[in-house]
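Trainee: The sequence and its predicted three-dimensional model are supplied below.
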Amino acid sequence: MSTNTLTGFTCLAPIAARDTVLLGHGSGGRLSGELVRDVFLPAFGSPELERLNDQAVVTVGGARIAMTTDSFVIRPLFFPGGDIGSLAVYGTVNDLAVGGAQPLFLSAAFILEEGFPMSQLRRVAASLQRAAQACGVQVVTADTKVVERGKGDGLFINTTGIGLAPSARELSADRARPGDRILLNGSIGEHGIAILAQREGLEFESAIESDCAPLHTLCAQVLEAADGIRCMRDLTRGGLSSALNEIAAQSRAGIALDESRIPVREEVRGACEMLGLDPLYVANEGKMIAIVAPEAAVSALAAMRNHPLGRGAEIIGTVTEAHAGLVTMKTALGTARIVDMLAGDQLPRIC
Ligand code: MG
């Protein structure tokens with residue numbers, strides 16, 4: 001296929017101007033990107049924000065401080081493999097970790113709906129604290145707001161995280177270069193399928209649990225093992241495809257995937273087929289990719305596989321000069337396809 005043919009495929013009809021917020025604006029896909037580009041960047045537009053990384057790294061008194069914030073609106077609040085409390089810690093810890101930072105402090109803000117059971121709130125708070133302790137981070141400031149019955153959906157949480165970024169490393173989504181390898185730490189799609197199954201009361205032959213986990217020690221281990229790590233991203237809403245599309249766009253490079261190298265557990269593949277979902281777009285909460293210079297790929301992969309959360313790691317693709325800004329994939333059948341970014345959600349309120 002020529003570049004023109006591929007580029008032609010992505011020339012979708014322009015999305016009409018939106019007068020109101022859509023659910024898809026929270027998807028992490030194309031609509032979220034539009035919201036950031038059309039509303040937030042023009043409003044805030046700091047150079048650090050414009051880099052569109054998962055975290056900002058700022059210098060304060062000679063120290064490089066990483067900062068990130070994330071809100072959690074997941075439904076249901078308790079799910080196989082986790083709950084909104086542990087998720088609110090891991091999601092923020094992971095956004096710091098993929099920037100190469102050591103997570104240190106968290107804030108936690110609770111938006112509660114009148115009538116929410118106190119027993120559930122205690123359970124969530126205990127889980128959040130356990131997760132924070134397991135990550136070696138401290139909740140040092142917090143906030144509570146309550147909205148009237150019917151004006152919220154039980155409980156939303158926002159966490160902000162602060163960490164220390166190493167002085168010598170610069171990781172950013174605009175640093176991928178042709179020839180770089182793409183590493184993934186394990187099988188994709190488990191979080192999204194676990195949530196969907198719980199929400200819809202679906203039962204599969206073997207229970208699928210969320211992969212919800214903190215990635216800070218894995219990220220540190222990869223960084224320690226190899227120079228030439230260009231960028232890392234945790235895969236959350238929008239799945240593998242969103243993260244890779246963002247990197248391809250930011251780096252103005254192509255990304256070529258090999259489907260046969262992308263690990264997907266049999267149960268997840270089966271559930272996706274049954275539900276008409278594509279695992280490349282399904283959310284994860286314990287998976288990350290690293291874009292790595294070719295000479296560093298072997299040691300980075302070994303470091304990943306040496307960590308309990310990276311035993312299933314694979315090199316799933318390469319950064320290319322061709323098809324800049326696009327993600328393409330050689331399918332298991334040997335054909336080629338474009339892995340486009342979805343406009344909206346396969347599954348809303350997944351995190
Ligand atoms: Mg992230």
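Mentor: That came in fine, so what should we check first?
Trainee: Which single residue of the stretch 51-200 of the chain ends up nearest the ion?
Mentor: Residue nearest to the ion within the stretch 51-200 of the chain: residue 54 (3.8 Å; CB to the ion). In short, each C-beta sits where N, CA and C put it, glycine included.
Trainee: which SSE is that residue in?
Mentor: Under the criterion DSSP states H and E, no helix or strand holds residue 54.
Trainee: Now the terminal residues of stretch 133-151, how far apart.
Mentor: 33 Å (CA to CA, to the nearest Å).
Trainee: Go ahead and name everything in contact with that stretch.
Mentor: Contact with stretch 133-151 is made by 89-90, 93, 103-115, 128-129, 132, 161, 214, 216, as judged by CB atoms under 8 Å, 6 or more residues apart in numbering.
Trainee: same check, this time on stretch 197-207
Mentor: By CB under 8 Å, 6+ apart, the residues outside stretch 197-207 that reach it are 75-76, 79-80, 196, 208, 267, 270-271.
Trainee: where exactly do the strands run in the protein?
Mentor: For the chain, applying DSSP state E gives strands covering 56-60, 63-72, 78-79, 82-83, 102-113, 138-147, 155-164, 181-184, 229-234, 254-258, 288-292, 314-320, 327-330, 336-338.
Trainee: Residues of the protein that sit close to the ion?
Mentor: 54, 95, 234 (CB under 5 Å from the ion).
Trainee: pretty sure residue 261 contacts residue 313?
Mentor: No - assessed by CB atoms under 8 Å, residue 261 is found out of contact with residue 313, at 10.5 Å.
Trainee: Look at those two and report which has more neighbours.
Mentor: Taking other CB atoms under 10 Å, residue 261 and residue 313 do not tie; residue 313 has more neighbours (24 against 13).
Trainee: for residue 266, what are its contacts?
Mentor: Going by CB under 8 Å, 6+ apart, residue 266 touches no other residue.
Trainee: quick check: domain ranges of this structure?
Mentor: Structural domains assigned to the chain are 53-164, 181-338, following automatic domain parsing.
Trainee: Mean pLDDT for these - can I get that in TSV?
Mentor: Below are the domains of the chain laid out as TSV (pLDDT from 0 to 100):
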stretch	mean pLDDT
domain 53-164	97
domain 181-338	96
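Trainee: Could you say which of those is packed most deeply?
Mentor: Mean neighbour count (mean count of other CB atoms under 10 Å) peaks for domain 181-338 among the domains of the chain, with a mean of 20.
Trainee: and of the domains of the chain, who's closest to residue 44?
Mentor: domain 53-164 (11.1 Å; CB to CB).
Trainee: Quick one: distance of that closest one to the chain centre.
Mentor: Centre-to-centre, domain 53-164 and its host chain are 15 Å apart (CA atoms, centre = their mean, to the nearest Å).
Trainee: And it, end to end?
Mentor: 16 Å.
Trainee: cool, and stretch 145-157?
Mentor: For stretch 145-157, the first-to-last residue distance is 10 Å (CA to CA).
Trainee: Next: stretch 316-327.
Mentor: Stretch 316-327 end-to-end distance (CA to CA) = 12 Å.
Trainee: residues making contact with that stretch?
Mentor: Applying CB under 8 Å, 6+ apart, the external contacts of stretch 316-327 come out as 3, 6-7, 10, 176-184, 241, 244-245, 248-249, 251-258, 261-262, 289, 291, 329, 338-340.
Trainee: Could you double-check that residue 188 lies in contact with residue 279?
Mentor: Yes - applying CB under 8 Å as the test, residue 188 and residue 279 come out as touching, 5.4 Å apart.
Trainee: shared neighbours, those two?
Mentor: Counting by CB under 8 Å, 6+ apart, the shared contacts of residue 188 and residue 279 are 239-240, 262, 264, 268.
Trainee: Could you work out the most separated pair of the residues you listed?
Mentor: It's 240 and 268 that sit farthest apart of these, by CB to CB, at 12.5 Å.
Trainee: which neighbours do those two share?
Mentor: Common neighbours of residue 240 and residue 268 (CB under 8 Å, 6+ apart) are 188, 279.
Trainee: Dump the domains of the chain to JSON lines, plus distance to residue 35.
Mentor: Listed next are these as JSON lines, based on distance: least, CB to CB, whole Å:
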{"stretch": "domain 53-164", "distance to residue 35": "14"}
{"stretch": "domain 181-338", "distance to residue 35": "13"}
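Trainee: Tell me how far the residue nearest to residue 226 when sequence neighbours are not counted lies from residue 257.
Mentor: Nearest residue to residue 226 in three dimensions, chain neighbours excluded: residue 296, at 3.9 Å (CB to CB, 6 or more residues apart in numbering). Noted for residue 296: a distance of 19 Å to residue 257, by CB to CB, to the nearest Å.
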